[in-house]
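Student: coordinates only, no sequence provided:
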């Protein structure tokens, strides 16, 4: 086997890929961004699609399909601009194009153990990234690298300015690239561009969280590639169903996985049972806010629950699932202005009413939340289970694995339920504990399986 240090990735000079022809839709000069887009603007994110089936000239196939996809998804070829008159952030549909790099590695996917940890250093070489890990107005909104391996497998690394799209939107775009790579005359899902004026405003608390995240310093968290076994997930779901009421929604895979991670982490990092143990998780709210089919801009909010640590660490795992469910049930209420219609169900001790801190948080509440939500006790989770990255097909089949590059971060977090992560269980890419808690955290996870 080759070591990571001996793996050399040879890259071409970057080229700019523009739309193959003039846009198929009426020309739009500027697209106004929603509050969802602005909250994440200029934050880069990188995904990786690992294909182990051979196709003809992967880099050229993807490059050509990318150019044709930009005809339909023309905002992707534009640039972020700030209006000189009003200071509003927009996407200028300039058609300048996206950055593209072709690369090669003189070994196989198996040689570099791309499916096994640790692989973070190699992943860094399989994508183009923005200078200093930050997007600028003059930068392309999308950077793409296709790396070919000697076995015929290849990796499509995609880095984008989050102002353009969330994970669901970028997955939709990559599916469109795949449709065109396979010879379809047009994408199977025609896009509704960012700038959907029908979207409501992002709740003030969520905007506050997003702004705070870019100001915080890393906490020295350790990268982990975790598998939560399917037999454990199935056991939790079965026990929840057996103990639940007739009207209870079934426990989802995501809820079972997060409950395990949250409980194990709380047990090893917190000793004060009365201290708050915040859980913050991302949620796609397209169905809650009336986003149109094909919408590929940002449409993600954060659900927050802040029970006491004793409830999480010492409670039955079924009760931890219920805490997560209650937080999810409050998501639609974030976008209802009439507080009488907002879900007010309690989510544990301390801060727990949706109307209290989603609709109109006071300055005192924001200060209180700042102290609670951004320390080591907090746990942030996002799910890639249903985003659609695993449906992209460039001609040889769907990805063998979907991955993301987990950077050093200011808050404990994980990406849960990464698709194609493994047959043995749900894959989790995590930066959620410091070095001194790694062994105890792994031990707590192992004890769950026994």
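Tutor: Great, that's in hand. Bear in mind the structure is a predicted one, so any value in this text is a computation, not a measurement. Numbers count the residues shown, from 1 in each chain.
Student: tell me the SS of residue 260?
Tutor: The local conformation at residue 260, judged by DSSP: H, G, I helix; E, B strand; the rest coil, is helix.
Student: correct me if wrong: it contacts residue 444.
Tutor: No: because the distance of 9.1 Å does not satisfy C-beta atoms under 8 Å, residue 260 is recorded as not touching residue 444. Quick note: C-beta positions are derived from backbone N, CA and C, even for glycine.
Student: compare these two and say which is more crowded by neighbours.
Tutor: residue 260 (26 against 19; other C-beta atoms under 10 Å).
Student: any idea how far the more buried one is from residue 414?
Tutor: Residue 260 is 11 Å from residue 414, where distance means C-beta to C-beta, to the nearest Å.
Student: what's the answer for residue 264, then?
Tutor: In this view, residue 264 and residue 414 are 12 Å apart by C-beta to C-beta.
Student: what of residue 424?
Tutor: For residue 424 relative to residue 414 (C-beta to C-beta), the value is 18 Å.
Student: comparing the two, which shows the higher neighbour count?
Tutor: Set side by side, residue 424 and residue 414 show unequal neighbour counts under other C-beta under 10 Å, the larger going to residue 414 at 25 against 11.
Student: shouldn't that one be within a strand?
Tutor: Yes: assignment of residue 414 by three-state DSSP places it within a strand.
Student: so it touches residue 430, yeah?
Tutor: Yes: using C-beta under 8 Å, residue 414 is in contact with residue 430, at 3.7 Å.
Student: can you report phi and psi for the nearest residue to residue 302 once chain neighbours are set aside?
Tutor: Leaving out its chain neighbours, the residue that sits closest to residue 302 by C-beta to C-beta, 6 or more residues apart in numbering is residue 206, at 4.8 Å. Residue 206 has phi and psi values of phi -70, psi -40 when expressed as degrees, to the nearest 10.
Student: what's the pLDDT at residue 206?
Tutor: Looking at residue 206, its pLDDT is 87.
Student: next, count neighbours for it.
Tutor: As a burial measure, residue 206 scores 23 neighbours (other C-beta under 10 Å).
Student: how far away is it from residue 92?
Tutor: The gap separating residue 206 from residue 92 is 26 Å, by C-beta to C-beta.
Student: from the contact counts, what lies against the helix or strand hosting residue 168?
Tutor: Taking DSSP states H and E as the criterion, the element that holds residue 168 is helix 167-181. Helix 167-181 makes packing contacts with strand 44-51, helix 58-72, strand 154-161 when contacts are defined by 3 or more C-beta pairs under 8 Å, 6 or more residues apart in numbering; DSSP states H and E.
Student: distance from the chain centre to that helix, please.
Tutor: Its chain's C-alpha centre and that of helix 167-181 lie 15 Å apart, by C-alpha atoms, centre = their mean, to the nearest Å.
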